[in-house]
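Colleague: The sequence and its predicted three-dimensional model are supplied below.
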Amino acid sequence: MLTTALALTACSAPAPGDSTSSAGSLTVWVDADRAAVLKDAAAEFTKESGVEVKLVQKDFADIQEQFIAQVPTGKGPDITIGAHDWLGNFVTNGVVAPVELGDKASDFQDVAVTAMSFDGVTYGVPYSIENIAMLRNTALAPTAPTSYDDMIAMGKSAGTEFPFIVQVGPESDPYHLYPFQTSFGAPVFGTNADGSYNAGELTIGNAGGDQFATWLAQEGAVGNLNISLTGDLAKEKFNAGASPFFLTGPWNVADAQAAGIDVAVDPIPAPGPNAAQPFVGVQGFFVSAKSTNTLAASEFLTNYIATESVQTALYEVGKRAPALTASFEAASADPIIAGFGEVGATAVPMPNIPEMGSVWQFWGVTEAAIIGGQADPVGLWQKMAADVQGAI
Amino acid sequence: MSITTPRAPRLTRAPTAPSTSVRVLIVKIAALAIVDAISLYALFIVFAQRDWIVFAAIVVVTVIVNVVYFSKRFLPAKYLVPGVIFLVMFQVFIIGYTAYIAFTNYGTGHNSTREDATAALIGSSQERVEDSPAYGLTVVESLGTYSFLVTDPDGDVSIGNADNPLSPVDNATIEGKVAVGIPGYNTLNFSQIVAAQEAIAGLTVQISDDPNDGALRTPDGSSAFVYRSNLVYDEAAATMTNSTTGVVYSDTGVGAFTANNGEELLPGWKIEIGFDNFARAFGDESIRGPLFSVALWTFTFAFLSVATTFLLGLFLAVVFNDRRMRGRRVYRVMMILPYAFPAFLSALVWAGMLNRDFGFVNQVLFGGADIPWLTNEWLAKVSIILVNLWLGFPYMFLVCTGALQSIPDELQEAAVVDGATPWAVFRFIKMPLLLVSIAPLLISSFAFNFNNFNLIYMLTNGGPRDVSAGVNVGATDILISMVYKVAFVGAGRDYGLASAFSIIIFVLVGVIAAVSFRATKSLEELN
């Protein structure tokens, strides 16, 4: 009975849908580092489901533009790797399809799933989270600072060139300065009940923002913040032992260790009354809106990419904290990952709403002007808030 | 035999013809065979993708190539065809396509067709009903119709399909905690589901007779969730209705579903919008405001870049062309070095060297001074010209050296015999002869620097910016970098506007080049 039923389905099943050659193959865009790991997951998926997975290597920086340009032509991939802050752009262009994580959503860290959502709909399967924290050169500062002033005092008594280092650059670096900004209670946007950002509520210009602007001017004047200190220089100085503290991300840890520095990862000391919350960046996988293989794509993402073994393998090549809680806990045996993870737990996702683009173009240069001591800090900050509001 | 015999006389005649022509013919046939084989291969691929315009283009090009090279006529065409084909492919097509984009609203939120936009809107409006359970799913099939056999978390089993809402069943085969089969239906395994995934992914099964309760859909073929859509598409009226707020969005011809109050649903789609982009390029305050100062600086920058590099290059060429100079070869090689580095790498290195507090220039050359090379409005302009001088003089040095060496020595000797001073020799003999060959290069150098995006982007990124001005344009932005910022920095990409600007710049540079070339022609006639 069963065999006849199977034989019957085998004959009849392909008839209704006009699925000829399109079924049975998934195209996945992936960056070079991730490709090796996905190869194994893909091979396993092919073995169990019979669906072939074609991995196409792309330069990570080019993926956003290419995905938006190619999906409408029907020649884009079924799945692409990407960063969560591209999502607003993807949704506005209609190039991504929602992904249902179902009950698996609770297996991921909350911030990762929130970051992969837009307007209450989840569009991506996250694999890693990344945020900045305070790196400490343990030879110059044996204990973690208790406050911002404490850190500056420790830095001064260490007798190094800088009390602490953060990259700023001629157009400033709002991403790296954001934890200080949030400590004054001035996030960029207000948040909805579900944790997503509300573009209608621009909070950057509130009273906390003014205090932050004043603080920027003051720190710029005493030289703790310097617009000449670009990312390259900041890293070079810290690795040369020119400061006990360096506000940066996990991407600079390996080089610091290679330079012979024993680093510890601390929470970011807050100069203002509130907690210093950095932005979190989440990487993950998105499904194309024009994919004709949506079921296979979802199956691959939710039942293969979202497994502990793949997430752990992805962590091992990139050393970015895994988004899956189980893998994250395993990776936390490494004190560096645990340190960044502790800061990340209190952090906020970088806004993925398209309005954020209007913020960036005014934000950095205004900070740079304030740090550089041009004009009245509060006036410049308010001017920026008005310009951003105008651009939105 | 009967075939070979008539050929024999022709074969015997062959040696009388020059053997080279046979060889040329063979090479020609072989080359054309390769071209045709590649075309044929491309045709198969394009045919499979049903891209008829490209298909037709390949056919036309292949036919032209074959006709031109097999025919005994069209001798000039034999030389021109390859160049013309590449010209059309890589220049004319791109300019034409850019011009077309300039008349569309192509950009963020408008990058595809209305069908795609509608599908994307419907897709993203499916929201999972809050706190609804996840159902275990088995896809079953009967008489070509797919149905969902679902098991809710309590273990109750129901079945339903596109036409029939869920109804409970009690005769299903249970495996583990999930129903895996039911008499009268065939259970699909994963590969069968994958084979029919478009139909199954599109299947919605209402959970009750009331559509507002939501419908089951499956994202992966093994589980189902309850979704409710908050956008309803009316195909006949081509309108989108938000079922929660009741707002109706209709196609008002702006490339997006638009509500009465002007609110647009994005994604929209690409439409042709006539001269709107050009109107914005001149009408939008954020663009019109800085346009004049940016255009002025662009001309100044391009002119000074050409003038300084030419003068320095010429001076060095004259110096190193003097036979009395020792070690000329070594110097020449050193002069060419800046030309050998990639320009944008050099620009980055210079940006580091000109850093106010940590840069080599201030720290070492000026003994720790705080000169804001790149952060002061005027010094940044000077720095850009200086760095471009460093980058550009080797090219001018090379071409001037070449041109000087092609001027016959007799002319100089004759002038010297006539009692001319060295300055007069240079001014009245070398310079005019030099300009004949160098002037066109100066024009192309001007056009290149007019659009020298790399240098500006890498060295200052257009900065420093006057933050109180409220526009995203800095003191050293040239037209092309301003276009980049207007079109690509900020909330979205605006390819339409960027293309319109490109066309405007193209026309500007084209006019300048045409006028200058005319002037050079009169220069030629002088001699």
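Modeller: All right, it came through fine.
Colleague: Can you name the residues that contact B:V399?
Modeller: Residues in contact with B:V399 (CB atoms under 8 Å, 6 or more residues apart in numbering or on different chains) are B:G313, B:S437, B:I438, B:L441. C-beta here means a position set from N, CA and C on the backbone, and glycine is covered the same way.
Colleague: want to throw those into JSON lines with neighbour count, distance to chain A and secondary structure?
Modeller: Formatted as JSON lines, the contacts of B:V399 follow (neighbours: other CB atoms under 10 Å in any protein chain shown; distance: CB to the nearest CB, whole Å; DSSP: H, G, I helix; E, B strand; the rest coil):
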{"residue": "B:G313", "neighbour count": "23", "distance to chain A": "31", "secondary structure": "helix"}
{"residue": "B:S437", "neighbour count": "16", "distance to chain A": "41", "secondary structure": "helix"}
{"residue": "B:I438", "neighbour count": "22", "distance to chain A": "37", "secondary structure": "helix"}
{"residue": "B:L441", "neighbour count": "16", "distance to chain A": "34", "secondary structure": "helix"}
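Colleague: so what's B:T151 bridging to?
Modeller: B:G136, B:V157 (DSSP bridges).
Colleague: Next to chain A, which bits of the stretch 1-150 of chain B? Give me the list.
Modeller: B:49, B:108-109, B:111-113, B:116-117, B:119-121, B:123-124, B:126-128, B:134, B:141, B:144-146 (CB under 8 Å from any CB of the partner chain).
Colleague: Share the number of residues neighbouring B:F488, please.
Modeller: 17 (other CB atoms under 10 Å in any protein chain shown).
Colleague: Once you drop chain neighbours, what's closest to it?
Modeller: B:A498 (7.0 Å; CB to CB, 6 or more residues apart in numbering or on different chains).
Colleague: Filter the residues of the stretch 1-150 of chain B next to chain A down to just the ones in helices.
Modeller: Among the residues of the stretch 1-150 of chain B next to chain A, the ones falling in helices (DSSP state H) are B:Q49, B:D116, B:A117, B:A119, B:A120, B:L121, B:G123, B:S124.
Colleague: What sits closest to the first one if chain neighbours are left out?
Modeller: By the measure of CB to CB, 6+ apart, the closest residue to B:Q49 outside its immediate chain neighbours is A:K75, 8.0 Å from it.
Colleague: farthest-separated two in the ones in helices among the residues of the stretch 1-150 of chain B next to chain A?
Modeller: Across these, the longest distance by CB to CB is 27.5 Å; it joins B:Q49 and B:S124.
Colleague: CA atoms only for stretch A:169-184, dumped as CSV, please.
Modeller: Coordinates of each C-alpha in stretch A:169-184 appear next as CSV, following Å, rounded to 0.1, in the frame of the first residue of the first chain:
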residue,chain,number,x,y,z
GLY,A,169,39.0,61.5,11.8
PRO,A,170,38.4,64.8,9.9
GLU,A,171,34.7,63.9,9.5
SER,A,172,34.5,62.5,13.0
ASP,A,173,33.2,59.0,13.6
PRO,A,174,29.7,59.0,15.1
TYR,A,175,29.7,55.2,15.2
HIS,A,176,32.6,55.1,17.6
LEU,A,177,31.5,58.1,19.7
TYR,A,178,27.9,56.8,19.9
PRO,A,179,28.3,55.1,23.4
PHE,A,180,29.3,58.5,24.8
GLN,A,181,26.3,60.1,23.1
THR,A,182,23.9,57.5,24.5
SER,A,183,25.3,58.0,28.0
PHE,A,184,23.9,61.6,27.8
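Colleague: just how off-centre is that stretch within its chain?
Modeller: Offset of stretch A:169-184 from its chain centre (CA atoms, centre = their mean, to the nearest Å): 16 Å.
Colleague: ok, now stretch B:155-167?
Modeller: 50 Å.
Colleague: Please apply the same query to stretch A:210-227.
Modeller: With CA atoms, centre = their mean, you get 26 Å for stretch A:210-227.
Colleague: what do you get for stretch B:268-284?
Modeller: 19 Å.
Colleague: Local confidence estimate at A:T9?
Modeller: On the pLDDT scale, A:T9 is placed at 37.
Colleague: what do you get for A:N274?
Modeller: pLDDT at A:N274 comes out at 90.
Colleague: and if you look at A:V121?
Modeller: So, for A:V121, pLDDT stands at 86.
Colleague: For it, give me its contacts.
Modeller: By CB under 8 Å, 6+ apart, the neighbours of A:V121 are A:P98, B:S124, B:Q126, B:E127.
Colleague: Count the neighbours of the third one for me.
Modeller: If I follow you right, that is B:Q126. Residues near B:Q126, counting by other CB under 10 Å: 20.
Colleague: residue contacts, it?
Modeller: A:P98, A:V121, B:R217, B:Y227, B:R228, B:S229.
Colleague: can you pick the most crowded of those?
Modeller: A:P98 (24 neighbours).
Colleague: okay but it is in contact with B:L121, surely?
Modeller: No. Counting by CB atoms under 8 Å, A:P98 sits too far from B:L121 to count as a contact (11.9 Å).
Colleague: on that earlier part again, and the contacts of B:V399, which two are the farthest apart?
Modeller: Once CB to CB is applied, those give B:G313 and B:S437 as the farthest pair, at 13.7 Å.
Colleague: Residue for residue, what is the longest strand chain A has?
Modeller: Looking across chain A with DSSP state E, the single longest strand is strand A:279-288.
Colleague: close to chain B, is it?
Modeller: No. Using CB under 8 Å from any CB, strand A:279-288 stays clear of chain B, with a minimum separation of 9.3 Å.
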